[in-house]
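1. generate a structure from the sequence data that follows.
(2 chains)
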2 protein chains.
Amino acid sequence: MKPIKVGLLGIGTVGSGTFNVLKRNQEEITRRAGRSIQITMVADLNTDRARELTNGECEVVSDGNLVVNNPDIDIVVELIGGYGVAKDLVLKAIANGKHVVTANKALLATHGNEIFKAAQQKGVMVAFEAAVAGGIPIIKALREGLTANRIQWIAGIINGTTNFILSEMRDKGLDFDVVLKEAQRLGYAEADPTFDIEGVDAAHKATIMAAIAFGIPVQFDKAHVEGITRLQATDIRYAEQLGYRIKLLGIARRTDGGIELRVHPTLIPAKRLIANVEGAMNAVLVQGDAVGATLYYGKGAGSEPTASAVIADLVDITRLATADPEHRVPHLAFQPDQMVDTPILPMAEVTTSYYLRMQVADQAGVLADITRILADSTISIDAMLQKEPEEGETRTDIIMLTHQTKEKNVEAAIRRIEALPTVAGQVTKIRLEQLG
Amino acid sequence: MKPIKVGLLGIGTVGSGTFNVLKRNQEEITRRAGRSIQITMVADLNTDRARELTNGECEVVSDGNLVVNNPDIDIVVELIGGYGVAKDLVLKAIANGKHVVTANKALLATHGNEIFKAAQQKGVMVAFEAAVAGGIPIIKALREGLTANRIQWIAGIINGTTNFILSEMRDKGLDFDVVLKEAQRLGYAEADPTFDIEGVDAAHKATIMAAIAFGIPVQFDKAHVEGITRLQATDIRYAEQLGYRIKLLGIARRTDGGIELRVHPTLIPAKRLIANVEGAMNAVLVQGDAVGATLYYGKGAGSEPTASAVIADLVDITRLATADPEHRVPHLAFQPDQMVDTPILPMAEVTTSYYLRMQVADQAGVLADITRILADSTISIDAMLQKEPEEGETRTDIIMLTHQTKEKNVEAAIRRIEALPTVAGQVTKIRLEQLG
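-> Presented below is the predicted three-dimensional model:
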């Protein structure tokens, strides 16, 4: 089957991420989508940089019109941002019968109704997973995963810049201005951070989520938008004393009288999972009447996390546009003729870390014997805990955490340790994963 | 457009949840799916109970064959469980050209390859979101949301019973046997809890996720399965002292040599978000090469949470089976002609709780004045913090957390408080959400 041809409008941070991930994971993505997805054309004002980034592997132009008017292009990916040129090109692409993928939350929150209507009339998709919470598939969860539910409310940490700043203010007790400068230095905040710190970016995203959750048009102009610029370190400290954390939340809630749509700093109980989402990470908490609360967490920005969402949309459109049964979503994600038989490893060959607890005689040389056995099996120790023997006891517990090693090495070492006359009974072994 | 007709095999906990949610949210689900979805036939051995649960609104039979052979039925929902009758009926439904939705992880983890092959040959869908992590749309995330990624590993708390037991063992320092009895009394563990506590249920789910993540066949027989029955309170305590929590994880990891597929108690750093998933909740952490780590959290079992996933599958099939452009996934989740114009509330009409900080003179009667003003505006106080004045200061901070009230009430109260001669400067107002 011939490849799906994609034209990229803008090859900045997200555009280059999309190009790189699509190329790096080409084989696996094709096995999932059922067809190869290729970026064949890129429009960017900086054509030199665009040529460099794409290694001469696709046509580079400076005028986006050449992409949206190219009859060979199946899907247009808009990564220009803003409302001007981006809107014009998206509407032209739709008019030309092309599917569109966009990460442009500002455009959709303000002109989404017009754009979706045009797309509906032409029978094309406008996909925008990347517009909200970057790599987290929250649009898909709301639009498809939770369709059984009457959604009651959504509360999201949907701006990484402000969450980074709030985390730093709390951790270090610093004021907003100081942390903002640090965030800019580290690349977590832009040179002009207004859209982020004033809550506008979060409000764009909340507006889009509200529309999907409640079946209402996008209406950014009615959102209450309040940023974190006036937040004082004092209040973060007092909130902490009362058992709360302050987060910038985008909230959409259904009430009897209407919909609440608001972005503002919010105290939330420190024990909630979402209160513990730190740094530049995003998380969205959704309350549905059937499912209860579900939470979605991940990176909300950045080159490859956002590209992950853009490409998921490309695969979705590829799968949907090819509407015969063989090319719907495959049962096991990969097309049936594209499964592989990578072996499942026997447990002896698994690599992980270990918690080992053993009861030993409280006498000299015991630890030396044990550490020698571990060293013989090339197992290195990450942490150790040795308890004082209890009053009147002659034995004591030793607990060791190992670095990563193969299970068979640990099993061999345990057999030797258990054979030591100074070790009582069996060694307790529990596996350990850093998940980092 | 005529309704999609659904036949239910088994109307126990999940079946009745499916029936109830589909009925309660009928209008909203139809607006999303583009067609009405109706359960028209139910097969259950207990026909009396089935008739009672369905209020005579659909045909009730005792023989599932009557459902899968009924030419009027479009989709068969299998909620019988196990490998015997369930497998037979699923394969018959497929042979009859019907789409199938199932929550049966045991069946899919052991006979999935045969079932998916049959479905592929007949061009029907077998959807199984409810088979893994209940109401959390993790199958959709893995199969569609993360298609750009080379998935590196998955680690999930995917059995609520064992997570409840482990949470209780840690919180109360109790031994496994004691907590298991409590869990059974509370309905978190079944009378025969073997499948849960021995890790079999988690391994079924991990097997399915591994297949989707890596494009390999389901092969439950090669999974390493280890439960929590031998876990001692001592080890939970030692782990805690070393900064770790013990969770029963289902792990699927891609390595150079092959795939690791294993379920066992695992130490994980206490600071990780997933380490703080407590009680009967589920969470799945997925590491992709482009997106990094994403986490999905929610209820992994129960009547309506599982029904949420079953119905999402019904909507998916309804949307996909009707393959003309108007019935793909709508841009804003609801069909374009089914949007509503529920108003967005002005901020004055929003209801929430508040954190109020004010600087007051340290003298008698101040607090009485403030609480009187709040009472006049029918604002009740949930918590209060009053600081001692600093050395040499004559003013002090009062912090109040209010119960829920309308923003306009709080604004009115603040204006009156700020007018008090004993209050200096402005009142700081930050909104508060329990998110509970």
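
2. chain center to stretch A:155-173: distance?
-> 16 Å (C-alpha atoms, centre = their mean, to the nearest Å).

3. any buried residues in that stretch, and which?
-> A:155-170 (16 or more other C-beta atoms under 10 Å in any protein chain shown). Where C-beta positions appear, they are placed from N, C-alpha and C, glycine not excepted.

4. closest to residue A:293 among the residues you listed?
-> Comparing those against residue A:293 with C-beta to C-beta picks out residue A:155 as the nearest, at 9.7 Å.

5. export the strand or helix carrying the closest one to PDB, keeping only CA atoms.
-> Assigning secondary structure by DSSP states H and E places residue A:155 in strand A:151-157. Extracted in PDB, the C-alpha atoms of strand A:151-157 (Å, rounded to 0.1, in the frame of the first residue of the first chain):
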ATOM      1  CA  ILE A 151     -18.400  13.900  32.900                       C
ATOM      2  CA  GLN A 152     -18.800  16.000  36.100                       C
ATOM      3  CA  TRP A 153     -15.500  17.900  36.200                       C
ATOM      4  CA  ILE A 154     -12.000  18.100  34.900                       C
ATOM      5  CA  ALA A 155      -9.100  19.600  36.900                       C
ATOM      6  CA  GLY A 156      -5.700  19.700  35.200                       C
ATOM      7  CA  ILE A 157      -2.200  20.800  35.700                       C
END
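
6. remind me what that strand packs against, helices and strands.
-> helix A:200-214, strand A:244-254, strand A:281-288 (3 or more C-beta pairs under 8 Å, 6 or more residues apart in numbering or on different chains; DSSP states H and E).

7. distance check, the residue positioned nearest the centre of chain A against residue B:253.
-> In chain A, the C-alpha nearest the mean C-alpha coordinate belongs to residue A:298, at 3.0 Å (C-alpha atoms, centre = their mean). Residue A:298 is 19 Å from residue B:253, where distance means C-beta to C-beta, to the nearest Å.

8. quick revisit: now whatever helix or strand comes next after the strand holding residue A:155 against strand A:281-288, angle please.
-> Next helix or strand after strand A:151-157 toward the C-terminus (DSSP H and E): helix A:160-172. On the basis of axes from the mean of the first three to the mean of the last three C-alpha atoms, to 10 degrees, helix A:160-172 is oriented at 100 degrees to strand A:281-288.

9. list the contacts of residue A:400.
-> A:354, A:355, A:356, A:370, A:374, A:381, A:383, A:384, A:385 (C-beta atoms under 8 Å, 6 or more residues apart in numbering or on different chains).

10. so it, which of the three states?
-> What DSSP: H, G, I helix; E, B strand; the rest coil gives for residue A:400 is strand.

11. who's it bridged to?
-> residue A:356, residue A:384 (DSSP bridges).

12. could you check the pLDDT of it?
-> Looking at residue A:400, its pLDDT stands at 97.

13. ok, back up a step: show the buried residues in the contacts of residue A:400.
-> A:354, A:355, A:356, A:370, A:374.

14. one step back: just the contacts of residue A:400 now: which is nearest residue B:135?
-> residue A:355 (32.3 Å).

15. tell me how far that closest one lies from chain B.
-> In this view, residue A:355 and chain B are 5 Å apart by C-beta to the nearest C-beta, to the nearest Å.

16. burial of the closest residue to that residue other than its chain neighbours, as a residue count?
-> Nearest-residue entry for residue A:355: residue A:430, 4.4 Å, with adjacent residues in sequence omitted and distances by C-beta to C-beta, 6 or more residues apart in numbering or on different chains. Using other C-beta atoms under 10 Å in any protein chain shown, residue A:430 has 23 neighbouring residues.

17. quick one: contacts of the helix or strand hosting residue A:430?
-> Assigning secondary structure by DSSP H and E places residue A:430 in strand A:423-432. Residues outside strand A:423-432 that contact it (C-beta under 8 Å, 6+ apart): A:352-361, A:366, A:370, A:395, A:401-402, A:410, A:414, A:417-418, B:231-232, B:235, B:239, B:244, B:246, B:264-268.

18. give me every residue that touches residue A:297.
-> Residue A:297 is in contact with A:136, A:277, A:281, A:282, A:283, B:273, B:294, B:295, B:296, B:297, counting by C-beta under 8 Å, 6+ apart.

19. for it, grab phi and psi.
-> The phi/psi pair for residue A:297 (degrees, to the nearest 10) reads phi -130, psi 140.

20. and it, bridged to which residues?
-> Under the criterion used (DSSP bridges), residue A:297 bridges to residue A:283, residue B:295.

21. right, is the helix or strand hosting residue A:178 up against chain B?
-> Residue A:178 is part of helix A:176-186, with elements assigned from DSSP H and E. No: figure legend: helix A:176-186 not in contact with chain B (C-beta under 8 Å from any C-beta of the partner chain); closest approach 13.7 Å.

22. and that helix, what does it pack onto?
-> helix A:160-172.
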